[in-house]
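K.L.:
what would the 3D arrangement of this be:
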Amino acid sequence: MMNLKVGILLAVSLFAVCSADSCSNNRCGTFDLNAYDCQCNGECIYHGNCCSDYSTLCDPDATCSGRTCYNGHDTGKPCQCNDYCVQYKDCCPDFPAACDGSNVVESCAGRCGPGTDTGASCQCNSYCLKYGDCCSDYSELCESGGGGTSTTNPGSGTSCSSVSVSDSEIVAVSYNLWSMDVNAAGPNDVTYDLQSSTTTGATNDAAPGPFFTYVNEAVFQRTTFQKLRAIQDNYIRKQGFTEDVTAQEEQENSDFLDAVLSTEIGQYLYEFLDSKNLAGCNGIEGFKQLLNVIWFGMYDRSAPDDTSGFEHSFVGEIKGSKVSGFHNWMYFYYEEQYGNFNYQGYISQQEPNMVGMRHTWYEAPKSMNGFTIGTSPEIELALYTLCYLTRPGSLCTINLSDEFGEAVERKIQTWTWGGEQAQGYPKYIASAYFLT
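P.N.:
Numbering: from 1, shown residues only. Have a look, this model is predicted:
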């Protein structure tokens, strides 16, 4: 077995500072991956690319100097010098030099979740049982019910109790998921024109031109975009008509979920939720079945089986004379191209590329809607699912990153359908969307 001290020093080398450049010349607070090998903004601690003089020139608190190593979490400091800073990616830049790893506690306290902690001699993820390297308290801390809820797998007869998920875990996991979105549109792939601002109570068209001015449609040839696009024409636009889900459409749903779960985002989401017994408790196929039920399960809004959480969120519906749902930017783009969607002005805008707006769809109005522009289908589904399974029917605080790599706090609202129970799983998703 690897010497513990050597192991943790190898692990924290991932967070080692860059020495090729400096934070001098007024670089504190700046971020430029093209011009510099190391950075001088607050996020360099998380990404492990702070310049060697970052703490000296930019943030005197970002150091282990003068602090007791492995002495718990210090909420008053921007970085940590404790046992778990490697796992949570918040070690101070000088952690490897200042702390020698001699006091590492081999425990799962605060460590239950996906991923391998290379700085520890024992693990606390769902695979440690397979590889025989679980910490001694893994079963007690990571597999116990912790006052959670019991979920049952359809057809299996098995059940497991969920483990509570802290707000800080949701923030950390959402930030990690966002950083994995390699299929997102690049900065030159999408341009849009906000034109004039408007209000939710207005009725005039404050934006005579289209919202999108350019989209590189090659982005939509990426697998998850293709699989999503194949599903978006499977639904009746108006509520009140029973949906006839064909075998082909069921296969398209399955293909989409397979594509999402094959991405790094899908795998990471599964591992985290599985570590909390929130992924169906029956392997990756059980998680896929869970996603299929909560997202694609049909339920009654205005008629028997006339809607699903997926249709509401990733496509949209017309309820009476107004638009309901409709939160996916790719569908927005195509519907605008076809002349079905009329952008009427923006209400809010915030990083990263989030726009709140007023619009019509087939002339039916929506006084306020929000979109994240350029995101991949897998990140949208993952973040919505993360929030729904950990904070169902409520506001969920997440962390994303802006164009400069800085963490930004955002919120997702999910709603559960209050009617039929989804076969022992959590209730069907009624809606999920970013608050913009």
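
K.L.:
spatially nearest residue to W295 (excluding sequence neighbours)?
P.N.:
Among residues not flanking W295 along the chain, F310 sits closest, at 4.5 Å (C-beta to C-beta, 6 or more residues apart in numbering). C-beta: built from backbone N, CA, C; applies to glycine.

K.L.:
the one you found sits in which helix or strand?
P.N.:
Per DSSP states H and E, F310 falls inside helix 309-310.

K.L.:
contacting residues around that helix?
P.N.:
Helix 309-310 is contacted from outside by 231, 253, 294-297, 417, 428-432, using C-beta atoms under 8 Å, 6 or more residues apart in numbering.

K.L.:
give me the next element, helix or strand, following that helix.
P.N.:
Where DSSP H and E defines the elements, the next helix or strand beyond helix 309-310 is strand 317-319.

K.L.:
what's that following strand packed up against?
P.N.:
Counting contacts by 3 or more C-beta pairs under 8 Å, 6 or more residues apart in numbering; DSSP states H and E, strand 317-319 packs against strand 322-324.

K.L.:
within its sheet, name the partner strands of the strand it packs on and how each one runs.
P.N.:
The pairing partners recorded for strand 322-324 under DSSP bridges are strand 317-319 (antiparallel).

K.L.:
in the partner strand, which residues are buried?
P.N.:
317-319 (16 or more other C-beta atoms under 10 Å).

K.L.:
so which of those residues comes closest to V408?
P.N.:
For the buried residues of strand 317-319, the closest approach to V408 (C-beta to C-beta) belongs to E317, at 30.2 Å.

K.L.:
the closest one bridge partners, please.
P.N.:
S324.

K.L.:
ok, now which ones touch it?
P.N.:
Contacts for E317 were tallied using C-beta under 8 Å, 6+ apart; they are 235, 237-239, 301, 307, 311, 323-326.

K.L.:
likewise for T56?
P.N.:
By C-beta under 8 Å, 6+ apart, T56 lies in contact with C23.

K.L.:
so for the host helix or strand of it, what's the average pLDDT?
P.N.:
If you go by DSSP H and E, T56 is part of helix 54-57. Helix 54-57 comes out with an average pLDDT of 88.

K.L.:
tabulate the CA atom coordinates of it in PDB.
P.N.:
Presented in PDB, the C-alpha positions along helix 54-57 are these (Å, rounded to 0.1, in the frame of the first residue of the first chain):
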ATOM      1  CA  TYR A  54      -0.900  34.500  -5.000                       C
ATOM      2  CA  SER A  55      -1.300  34.400  -1.300                       C
ATOM      3  CA  THR A  56       1.400  37.000  -0.800                       C
ATOM      4  CA  LEU A  57       0.200  39.500  -3.400                       C
END
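
K.L.:
next one: it to chain centre, how far?
P.N.:
31 Å (C-alpha atoms, centre = their mean, to the nearest Å).

K.L.:
helix or strand with the lowest mean pLDDT in this protein?
P.N.:
Of all helical and strand segments in the chain, the minimum by mean pLDDT, DSSP states H and E falls on helix 4-12, at a mean of 36.

K.L.:
can you give me the pLDDT of H73?
P.N.:
On the pLDDT scale, H73 gets 67.

K.L.:
would you turn the buried residues of strand 317-319 into JSON lines with pLDDT and distance to G209?
P.N.:
Putting the buried residues of strand 317-319 into JSON lines (pLDDT from 0 to 100; distance: C-beta to C-beta, whole Å) gives the following:
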{"residue": "E317", "pLDDT": "95", "distance to G209": "27"}
{"residue": "I318", "pLDDT": "94", "distance to G209": "24"}
{"residue": "K319", "pLDDT": "93", "distance to G209": "28"}
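
K.L.:
quick one: stretch 61-74 to chain centroid distance?
P.N.:
30 Å.

K.L.:
so which bits of that stretch are buried?
P.N.:
Going by neighbour count (16+ other C-beta under 10 Å), the buried part of stretch 61-74 is 62-64, 67, 69-70, 73.

K.L.:
now for the residues you listed: which two are most distant?
P.N.:
Spatial extent of the buried residues of stretch 61-74 (C-beta to C-beta) is set by the pair A62 and Y70 at 17.8 Å.

K.L.:
phi and psi next, for the residue nearest the centre of the chain.
P.N.:
For the chain, L383 is the residue whose C-alpha lies nearest the centre (C-alpha atoms, centre = their mean; 3.4 Å). Per-residue torsions, L383: phi -70, psi -40 (degrees, to the nearest 10).

K.L.:
so Y333: helix, strand or coil?
P.N.:
The local conformation at Y333, judged by DSSP: H, G, I helix; E, B strand; the rest coil, is helix.

K.L.:
check what pLDDT it gets.
P.N.:
Here, the pLDDT recorded for Y333 equals 97.

K.L.:
so how far is W361 from it?
P.N.:
To W361, Y333 is 13 Å away according to C-beta to C-beta, to the nearest Å.

K.L.:
and P60, by the same measure?
P.N.:
Using C-beta to C-beta, one gets 53 Å for the distance from P60 to W361.

K.L.:
those two - which one has more neighbours?
P.N.:
Shown here are P60 and W361; by other C-beta atoms under 10 Å, W361 has more neighbours (23 against 9).

K.L.:
isn't the more buried one right up against G316?
P.N.:
Yes. Using C-beta atoms under 8 Å, W361 makes contact with G316 at a distance of 6.4 Å.
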